[in-house]
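A.B. asks: have a look at this prediction, sequence included:
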Amino acid sequence: MDELKKLLSGIEEVNREVMNNSKNYIDHLSKPIGSLGVLEEIVVKLSGIKGEHIKEIKKKNIVIMCADNGIQESGVSSCPREVTATVTENFVKGTTGVCILSRYYNNDTTVVDIGVDKEFTDPRIINRKIRYGTSNMTKGPAMTREEAIKAIKIGIDIVKELKNQGYDLIGTGEMGVGNTATSAAIISVFSGIDSDLIVGKGSGLTDDGLSHKKAMVKKSIEINKPNKNDVIDVLSKVGGFDIAGLCGVFLGGAIYKVPVVIDGLISSAAAICAKELSSKASGYMFASHLSAEPGAQYAMKTLGLEPMFSLGMRLGEGSGCPIAFGIIESAVFTMNNMDSFNEAGIDKKDYIDIRKQ
């Protein structure tokens, strides 16, 4: 824990002076002030993260954390446990939804086995296995505090490695049968909202199955009594290795000054944990889409972020991130290629062309 505390202490606020300079530059482009809305906000925020007006995105990567969840044995999913391993293997084959979208939007993926109930031989699946899935949280804690901290540090280390490889925009994805149940529990604890309002059908439960899932999530919270003032306690009791790993990815983004994109419900739960560990971390996050899962709106409210789009998606895997990457890149390209008022022959005072700095 001491090492994690040291890393967290190094997180800095985004650079407000650079953000103000970036906004001033954008306000002097040949358009009505604010007329490109969120696209302008994206570039300003990116500049604050990078500490300079951002001119391009060079390399993009989605980190996909894969792990099994013990609560699956309590019937909270329509999928058998083995699906986690199968989809994990399909990620590196490039056949899943996030892989096809990534191919279209030209971003890479990093597949991490942080707790799948299978040994993999494919070297493209990075082995960071803590153990073969968490314990069933309806009977007690999902993991130990030490395991939760280890998972967080794995996520932080992955971001460090990716930054060293030249990636300057990261997305968050996951795979783990039962992880919409763990996510709902985490969001409920931190938001203070009844878990019944947050739990959704996930991979396609019947109405009866949904009722049972709600009961299991509520039971998990009641039995474990997670302390919302202690993030590690919450993660270890009602979380998953995938969520804890993604929490580390968000923290790594803040530590190493790399913007990180949230996908849907599961990565939102991880983002909440990261924000609770360091309030400064949210300055490095972008929300991609509003998931169709009922808990998504509560998660966004807890994070204080606005999603870029809403397409009724609920696949997970990080599938919202490639689309968000496209929006982010279009924003950067537009702000750096429009004429200023001066270039357009319109006099505007107090203009500084920071593209030339």
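C.D. replies: Now that the structure is in, tell me what you want to look at. These numbers come from a predicted model, not from an experiment.

A.B. asks: pLDDT weak spots in this protein?
C.D. replies: Scanning the chain for pLDDT under 70 picks out 347-357.

A.B. asks: so which residue is dead centre in it?
C.D. replies: Geometric centre of the chain, nearest residue: residue 262, 3.2 Å, by C-alpha atoms, centre = their mean.

A.B. asks: alpha carbons of the helix ranked longest in the chain, in PDB - could you do that?
C.D. replies: Ranked by residue count under DSSP state H, the longest helix found in the chain is helix 145-164. Backbone C-alpha positions of helix 145-164 (Å, rounded to 0.1, in the frame of the first residue of the first chain) are rendered in PDB as follows:
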ATOM      1  CA  ARG A 145      -6.900  -6.300   0.200                       C
ATOM      2  CA  GLU A 146      -3.500  -7.300  -1.000                       C
ATOM      3  CA  GLU A 147      -4.900  -8.800  -4.200                       C
ATOM      4  CA  ALA A 148      -6.900  -5.600  -4.900                       C
ATOM      5  CA  ILE A 149      -3.800  -3.400  -4.500                       C
ATOM      6  CA  LYS A 150      -1.800  -5.800  -6.700                       C
ATOM      7  CA  ALA A 151      -4.500  -5.500  -9.500                       C
ATOM      8  CA  ILE A 152      -4.400  -1.700  -9.300                       C
ATOM      9  CA  LYS A 153      -0.700  -1.700  -9.600                       C
ATOM     10  CA  ILE A 154      -0.900  -4.000 -12.600                       C
ATOM     11  CA  GLY A 155      -3.100  -1.400 -14.400                       C
ATOM     12  CA  ILE A 156      -0.700   1.400 -13.500                       C
ATOM     13  CA  ASP A 157       2.300  -0.600 -14.800                       C
ATOM     14  CA  ILE A 158       0.400  -1.300 -18.100                       C
ATOM     15  CA  VAL A 159      -0.100   2.400 -18.700                       C
ATOM     16  CA  LYS A 160       3.600   3.100 -18.000                       C
ATOM     17  CA  GLU A 161       4.600   0.400 -20.500                       C
ATOM     18  CA  LEU A 162       2.200   1.800 -23.200                       C
ATOM     19  CA  LYS A 163       3.400   5.300 -22.700                       C
ATOM     20  CA  ASN A 164       7.000   4.200 -23.200                       C
END
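
A.B. asks: helices along the stretch 201-350 of the chain, start to end?
C.D. replies: Secondary structure of the stretch 201-350 of the chain (DSSP state H, counting those that start in this stretch): helices at 207-224, 231-238, 241-256, 265-277, 296-303, 320-337.

A.B. asks: for residue 67, find the nearest of these.
C.D. replies: Judged by C-beta to C-beta, the one of the helices of the stretch 201-350 of the chain that comes nearest to residue 67 is helix 241-256, at 3.8 Å. Any C-beta I mention is one placed from the backbone N, CA and C, and that applies to glycine too.

A.B. asks: need the strands for the chain, in chain order.
C.D. replies: Under the criterion DSSP state E, strands of the chain are mapped to 60-67, 108-115, 125-127, 169-175, 260-262, 285-287.

A.B. asks: in TSV: the ones you listed, plus distance to residue 328.
C.D. replies: Compiled in TSV, the strands of the chain are given as follows (distance: least, C-beta to C-beta, whole Å):
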stretch	distance to residue 328
strand 60-67	9
strand 108-115	16
strand 125-127	25
strand 169-175	7
strand 260-262	8
strand 285-287	7
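
A.B. asks: those strands: which one's closest to residue 150?
C.D. replies: Closest approach to residue 150 among the strands of the chain (C-beta to C-beta): strand 108-115, 9.3 Å.

A.B. asks: and that closest one, what does it pack onto?
C.D. replies: Here strand 108-115 touches strand 60-67, helix 82-93, helix 97-105, strand 125-127, helix 145-164, helix 241-256, going by 3 or more C-beta pairs under 8 Å, 6 or more residues apart in numbering; DSSP states H and E.

A.B. asks: need those in CSV with distance to residue 293 and mean neighbour count, can you?
C.D. replies: Formatted as CSV, the helices and strands packed on strand 108-115 follow (distance: least, C-beta to C-beta, whole Å; neighbours: other C-beta atoms under 10 Å):
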stretch, distance to residue 293, mean neighbour count
strand 60-67, 18, 30
helix 82-93, 18, 19
helix 97-105, 16, 18
strand 125-127, 26, 17
helix 145-164, 22, 21
helix 241-256, 14, 30
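
A.B. asks: so can I have TSV of these showing distance to residue 230?
C.D. replies: Formatted as TSV, those follow (distance: least, C-beta to C-beta, whole Å):
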stretch	distance to residue 230
strand 60-67	22
helix 82-93	28
helix 97-105	32
strand 125-127	29
helix 145-164	9
helix 241-256	14
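
A.B. asks: nearest to residue 199, of these?
C.D. replies: Distance to residue 199, taken as C-beta to C-beta, is lowest for helix 241-256 among those, at 15.4 Å.

A.B. asks: tell me the angle of the closest one relative to strand 169-175?
C.D. replies: Going by axes from the mean of the first three to the mean of the last three C-alpha atoms, to 10 degrees, helix 241-256 is angled at 170 degrees with respect to strand 169-175.

A.B. asks: what angle do helix 241-256 and helix 231-238 make?
C.D. replies: Using the same axes, to 10 degrees, the direction of helix 241-256 lies 160 degrees away from that of helix 231-238.

A.B. asks: for helix 241-256, what is the distance to the chain centroid?
C.D. replies: Computed by C-alpha atoms, centre = their mean, to the nearest Å, the chain-centroid distance of helix 241-256 equals 8 Å.
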